[in-house]
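Q: fold the following.
(one chain, ligands or ions: 1)
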Amino acid sequence: MLLDIHSHHLHEKPDTTIWSCSMKDRHSPDFSRAVWISAGIHPWFLSDNDMEAQIKWLESVLLSDRRVLAVGEAGLDKLCQTPFDVQQKAFNASIRLSEKHRLPLIIHTVRCFNELIALKKEVCPSQPWIIHGFRGKKELAGSLVRQGFYLSLGEKFNPETLRAIPPERLLAETDESHKDISALVRKMSETCEVSPDMFRTRLCLNARHLFFNR
Ligand SMILES: [Zn+2]
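A: Residues are numbered from 1 along each chain as shown. Sure thing, here's the model as predicted:
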């Protein structure tokens with residue numbers, strides 16, 4: 001099964017999508033429609049005032065909802081309005097919960113790769129850390145892979161970067177896009193000059209290993 005590991009839209013087949021949600025989505029009709037979810041505290045939708053409530057919501061979802069496959073998206077973003085210290089506190093809470101519940105962490109990051117690498121070295125997490133929507137250059141991808149990160153690519157992927165990522169560290173996602181994950185994966189396979197079936201199988205194995213066979 002080809003899994004869309006990070007999406008904010010439920011496509012026609014909700015059972016192949018990890019629907020990414022946060023506290024603000026709890027009353028959305030998709031919250032009940034979703035088959036698999038990742039629950040997190042997004043740095044864009046966070047303030048000092050609601051941080052404690054968001055952490056409590058996340059803790060309760062992780063304890064009670066068996067559809068949860070990952071914590072996230074969570075992370076650090078230097079271009080958003082949320083004060084950086086508030087982002088750091090919420091991200092630290094997400095890391096703690098990912099470890100406690102033994103769930104992979106799906107990470108949103110903008111211009112914080114150095115901080116992220118330093119944090120990973122400091123924490124030495126037992127759970128996989130997945131950077132979602134990665135669009136960076138191949139050199140950055142190389143150093144993230146050396147630090148043990150997984151990279152999830154969406155429709156705006158950098159072709160040169162895609163070719164440089166070891167296949168076993170690669171995932172695919174649609175994020176905000178309404179496009180089909182199969183079409184994206186076909187395009188990725190063409191970029192890598194690998195047969196679409198082989199490429200798809202590799203991504204299925206990666207997702208199964210990270211989210212189901214644990
Ligand atoms: Zn997202």
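Q: going forward, measure contacts and count neighbours with C-alpha atoms only.
A: Fine.
Q: which stretches of the protein aren't confidently modelled?
A: 214 (pLDDT under 70).
Q: in it, spot the strand with the most residues.
A: Ranked by number of residues, the top strand in the chain under DSSP state E is strand 68-77.
Q: okay, helices next: where are they in this structure?
A: 29-33, 51-64, 84-100, 113-123, 138-146, 159-164, 181-192, 196-207 (DSSP state H).
Q: mind giving me the packing neighbours of the longest strand of the chain?
A: Packed against strand 68-77 by the contact rule (3 or more C-alpha pairs under 8 Å, 6 or more residues apart in numbering; DSSP states H and E) you find strand 17-21, strand 36-39, helix 84-100, strand 105-110.
Q: the inter-axis angle of that strand versus helix 113-123?
A: Relative orientation of strand 68-77 versus helix 113-123 (axes from the mean of the first three to the mean of the last three C-alpha atoms, to 10 degrees): 130 degrees.
Q: next, the angle from strand 68-77 to helix 84-100.
A: Taking the same axes, to 10 degrees, one finds strand 68-77 and helix 84-100 inclined to each other by 160 degrees.
Q: give me the most central residue, the chain.
A: residue 106 (3.0 Å; C-alpha atoms, centre = their mean).
Q: quick one: contacts for that residue?
A: 70-74, 129-132 (C-alpha atoms under 8 Å, 6 or more residues apart in numbering).
Q: mind checking how far it is from residue 19?
A: 12 Å (C-alpha to C-alpha, to the nearest Å).
Q: so what's the residue count around the residue nearest to residue 126 when sequence neighbours are not counted?
A: Excluding the flanking residues, the one nearest residue 126 by C-alpha to C-alpha, 6 or more residues apart in numbering is residue 99, at 6.7 Å. When neighbours are defined as other C-alpha atoms under 10 Å, residue 99 has 17 of them.
Q: next up, the contacts around residue 99.
A: Counting by C-alpha under 8 Å, 6+ apart, residue 99 has contacts 125-127.
Q: with residue 4 instead?
A: So residue 4 contacts 16-18, 172-174, 181 (C-alpha under 8 Å, 6+ apart).
Q: tell me the bridge partners for it.
A: Bridge pairing for residue 4 (DSSP bridges) gives the partners residue 17.
Q: between the contacts of residue 106, which is closest to residue 154?
A: residue 132 (8.1 Å; C-alpha to C-alpha).
Q: neighbours around the closest one, how many?
A: 26.
Q: looking at it, residue 15 is touching residue 33, isn't it?
A: No. Judged on C-alpha atoms under 8 Å, residue 15 makes no contact with residue 33 at a distance of 9.6 Å.
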